[in-house]
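*Asks:* mind folding the following:
(2 chains, ligands or ions: 2)
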Amino acid sequence: MSGILVVQEERGFGRNRFSQEALAAGHVLAALTGLSMETAVVGDKNTPILAETSGTPAATAYAVEHPLLNTYTSDGYVLAFEQLIRKLNPAYILFPHSYQVRDFVPRLAARFDQVLIGDVAAIEAGPSFTRQLFQGKVNARYRHRGDGPCFISIQAGAFRPDPPTAGTTTIYPFVPEIASDAIRTRPSEPFRAAAQAVDLSSAQMIVSVGRGIKNQENIALVQNLADALGAELAASRPICDNGWLPMDRQVGSSGQTIAPKLYIAAGISGAIQHVVGMKASQCIVAINKDPGAPIFEVADYGIVGDLMEVVPAITEAVKAAKQ
Amino acid sequence: MKIIVAIKQVPDRDAPIRIDAAGKWIEESDLQYAMNEPDAYALEEALQLKEKHGGEVIVLSAGPESVGTTIREALAKGADRAIHIVCDDLASRDALGVARLLAEAAKQESPDLLLTGLQSEDLGLGQTGVIVAELLGLPHATLILHVEKTDTGIEVKRELEEGWFQTIQLPTPAVLTIQSGGAKLRYATLMGIKRAKMKEVKQLAAADLASATAPVVVLEQLALPRKQRSTQMLAGTPKETAAALVEKLRTEAHVL
Ligand SMILES: Cc1cc2nc3c(=O)[nH]c(=O)nc-3n(C[C@H](O)[C@H](O)[C@H](O)COP(=O)(O)OP(=O)(O)OC[C@H]3O[C@@H](n4cnc5c(N)ncnc54)[C@H](O)[C@@H]3O)c2cc1C
Ligand SMILES: Nc1ncnc2c1ncn2[C@@H]1O[C@H](COP(=O)(O)O)[C@@H](O)[C@H]1O
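*Replies:* Ligands and ions are numbered 1, 2, ... in the order given. Modelled structure (predicted):
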């Protein structure tokens, strides 16, 4: 068994940055293990992502081609990558931790009697792989045991993409065998929910509320602060799941990604799926009663306290300052 | 439809998490426990399907004796019966080890649908349901918000990133992992709580289901996360901290 295989994801919509970060993680692992790195993507040799890849040294790329892979299905992808992995026999296989990867890679790994080490945020000597437990409150270092291939997925934003360097990548086609009746699911084209009424991405200031608010009536407290600042109101997922605020105010991986000048998080714990949506904000203020809440890891200013008291006090202070 | 819902008991979200002295696991002695949140949505989806199409909802949970409280909660909300895989060494099994237990127990029931949460709030692996599908040789779909029965199987609404969705048609039997927020959760009624006491909870010993194979992934060390920014903590009464904050936002951060 040899080498590192980084599987990239070409996306019709959204960011290929995910894949570049996985390549960067592959380079970290290559430096630690002395192994060489190859890359693979579903698509033909003209797949746009392969043009981005040449120039970041991965001397070999596999374009995994099959008409039944034109639309993503877990059955199709599991079959295709099972065959590619059996052919190349890599020691490590890295993926970006996308929804697609969550969907098929655990199944692919199980086919090799392996489990995916998912959502990895750091790779260190050993090699050891760090991922978060308890909604980001604890980091855990894992090791792979035994001699099967090791499956890893890389957390969004954890590795900085490598700057492009000179170099060329040789692209080989790989055509897996897939019978059409092996694909049991029939997916539709992706669609968007009704047009977004609120565009949080253009707001200069956002006050965002999480489950610490306890009930819908209390949201008025946070609305008051937003009004005093002239800010937009946003929320973490559970608030929208509960129907307390509409979906288009949700910040995070399944909501909006924003980078305002000021982001105030009130009663939000700071789970990674929330943080990826707001950590690019210029100035982050966190209000939480738990000093160990992960939101404080990304905050510029932190207040440990009860938001029911702290938020109205800030509203008053803002009003006073504006007079 | 015969539906199995896999439900995990996890430390309560607001419970303080402390790492043990050896740095190998957390202090469990003073923890409160609750039903994993996405699993509550999986249960809700199952109960609604049963209300529309008839059938049976069976709760499946692996863990020590103490998970009995979470099982009763699910029965009180309306599940018909439960299977409890009694297992004291959950933490030493990897996702494949847990999935093997769940798959073996599920196989004996031949359900039309097996629902899991998309991810546990403690380990956050997001894998167990998908692995169970592989072990049972069933098709699967993940991040599901809604399930409709069709003539040939089911049609599901799947969440994609950044506000996108798709629908997927699958034949049954199938495995689905359920995302939070697809339906409104019900509360257990007093009557439900009373009835739950009479419902069947079948206990299976983990050792009888699947031999404990050595995990392929092992946890070496726990640590507190490192800060990504240098956070200034503001202390004092609410009034004092509020004044200090506004002052800093104006003169230091220049955002007001
Ligand atoms: C695939 C996937 C996609 C997801 N997408 C998103 C997404 O787009 N956006 C998103 O936000 N989440 C998303 N999530 C959910 C995410 O994992 C977390 O569950 C969620 O962000 C938690 O929201 P919260 O911080 O409001 O709630 P909790 O985690 O319950 O935190 C509540 C916080 O409030 C604090 N608190 C309680 N009472 C008070 C008080 N009186 N005063 C001050 N503080 C108090 C508590 O200490 C706690 O830290 C996703 C999850 C998955 C698996
Ligand atoms: N011990 C368990 N008992 C029952 N269901 C479980 C158990 N562990 C995981 N699951 C199910 O698998 C889902 C995903 O868990 P995980 O793979 O740990 O993120 C959970 O939401 C549960 O539905």
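*Asks:* could I get the CA-only coordinates of the helix or strand of chain B with the lowest mean pLDDT as PDB?
*Replies:* Within chain B, no helix or strand scores below helix B:206-209, which has a mean of 92 by mean pLDDT, DSSP states H and E. Taking C-alpha atoms only, helix B:206-209 is exported to PDB below (Å, rounded to 0.1, in the frame of the first residue of the first chain):
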ATOM      1  CA  ALA B 206     -24.400  -6.600  22.600                       C
ATOM      2  CA  ALA B 207     -22.200  -9.700  22.800                       C
ATOM      3  CA  ASP B 208     -25.000 -11.900  21.200                       C
ATOM      4  CA  LEU B 209     -25.300  -9.600  18.200                       C
END
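*Asks:* is ligand 2 within reach of it?
*Replies:* No - counting by CB under 6 Å from any ligand atom, ligand 2 has no neighbours in helix B:206-209; the shortest distance is 10.0 Å. No exception for glycine: its C-beta is placed from N, CA and C like everyone else's.
*Asks:* distance of residue B:95 from ligand 1?
*Replies:* Residue B:95 is 15 Å from ligand 1, where distance means CB to the nearest ligand atom, to the nearest Å.
*Asks:* can you get me a residue count around the residue in the stretch 51-200 of chain A that ligand 1 sits nearest to?
*Replies:* Evaluated by CB to the nearest ligand atom, the stretch 51-200 of chain A has residue A:135 as its residue closest to ligand 1, separated by 5.8 Å. Using other CB atoms under 10 Å in any protein chain shown, residue A:135 has 21 other residues around it.
*Asks:* contacting residues around the residue nearest to it when sequence neighbours are not counted?
*Replies:* Counting by CB to CB, 6 or more residues apart in numbering or on different chains, residue A:135 lies nearest to residue A:271, which is 4.8 Å off, once chain neighbours are set aside. Going by CB atoms under 8 Å, 6 or more residues apart in numbering or on different chains, residue A:271 touches A:135, A:136, A:236, A:294.
*Asks:* in the stretch 51-200 of chain A, which spans are strands?
*Replies:* Assigned by DSSP state E, counting those that start in this stretch, the strands in the stretch 51-200 of chain A fall at A:60-64, A:92-96, A:117-120, A:122-124, A:128-133, A:138-144, A:150-154, A:170-174, A:186-187, A:191-192.
*Asks:* follow-up on the earlier one: contacts with ligand 2 among the contacts of residue A:271, please.
*Replies:* Applying CB under 6 Å from any ligand atom to these, none is adjacent to ligand 2.
*Asks:* mind putting the residues you listed into JSON lines with pLDDT?
*Replies:* Shown next, in JSON lines, are the contacts of residue A:271 (pLDDT from 0 to 100):
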{"residue": "A:135", "pLDDT": "92"}
{"residue": "A:136", "pLDDT": "92"}
{"residue": "A:236", "pLDDT": "98"}
{"residue": "A:294", "pLDDT": "95"}
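*Asks:* wait, residue A:187 sits on residue A:71?
*Replies:* Yes - applying CB atoms under 8 Å, one finds residue A:187 in contact with residue A:71, separated by 6.1 Å.
*Asks:* right, is the lengthiest helix in chain B up against ligand 1?
*Replies:* Using DSSP state H, we find that the single longest helix of chain B is helix B:37-53. No - using CB under 6 Å from any ligand atom, helix B:37-53 stays clear of ligand 1, coming no nearer than 7.2 Å.
*Asks:* buried sites along the helix or strand following that helix?
*Replies:* Remark: after helix B:37-53, the chain's next helix or strand is strand B:56-63, criterion DSSP states H and E. Of all the residues in strand B:56-63, those buried under the rule 16 or more other CB atoms under 10 Å in any protein chain shown are B:56, B:57, B:58, B:59, B:60, B:61, B:62, B:63.
*Asks:* after strand B:56-63, next one along is what?
*Replies:* Heading C-terminal from strand B:56-63 (DSSP H and E), you reach helix B:68-77.
*Asks:* tell me which residues of that following helix come out buried.
*Replies:* Quick answer for helix B:68-77 (16+ other CB under 10 Å): B:68, B:70, B:71, B:72, B:73, B:74, B:75, B:76, B:77.
*Asks:* among these, which pair sits farthest apart?
*Replies:* For the buried residues of helix B:68-77, the maximum inter-member distance is 15.2 Å, found between B:68 and B:77 (CB to CB).
*Asks:* now do the contacts for residue 155.
*Replies:* No chain in the question, so chain A it is. A:97, A:119, A:120, A:121, A:131, A:272.
*Asks:* that answer is for a different chain, and I need it for chain B
*Replies:* Counted by CB under 8 Å, 6+ apart, residue B:155 has contacts B:147, B:148, B:167, B:168, B:169, B:170.
*Asks:* one more pass at 6 Å, please.
*Replies:* Taking CB atoms under 6 Å, 6 or more residues apart in numbering or on different chains as the criterion, residue B:155 is in contact with B:148, B:167, B:169.
*Asks:* surely the second one is in contact with residue A:188?
*Replies:* Right, residue B:167. Yes - between residue B:167 and residue A:188 a contact is recorded at 4.4 Å, counting by CB atoms under 6 Å.
*Asks:* those two: which is more packed in?
*Replies:* Shown here are residue B:167 and residue A:188; by other CB under 10 Å, residue B:167 has more neighbours (17 against 14).
*Asks:* wasn't that one part of a strand?
*Replies:* Yes - assessed with DSSP: H, G, I helix; E, B strand; the rest coil, residue B:167 lies in a strand.
*Asks:* please see if stretch A:209-221 touches ligand 1.
*Replies:* Yes - using CB under 6 Å from any ligand atom, we find that stretch A:209-221 touches ligand 1 at A:210, A:211, A:212.
*Asks:* tell me the pLDDT at residue B:210?
*Replies:* Predicted confidence (pLDDT) for residue B:210: 81.
*Asks:* residue B:100 is in contact with that one, correct?
*Replies:* Yes - the pair residue B:210 / residue B:100 is scored as a contact, 4.1 Å apart, by CB under 6 Å.
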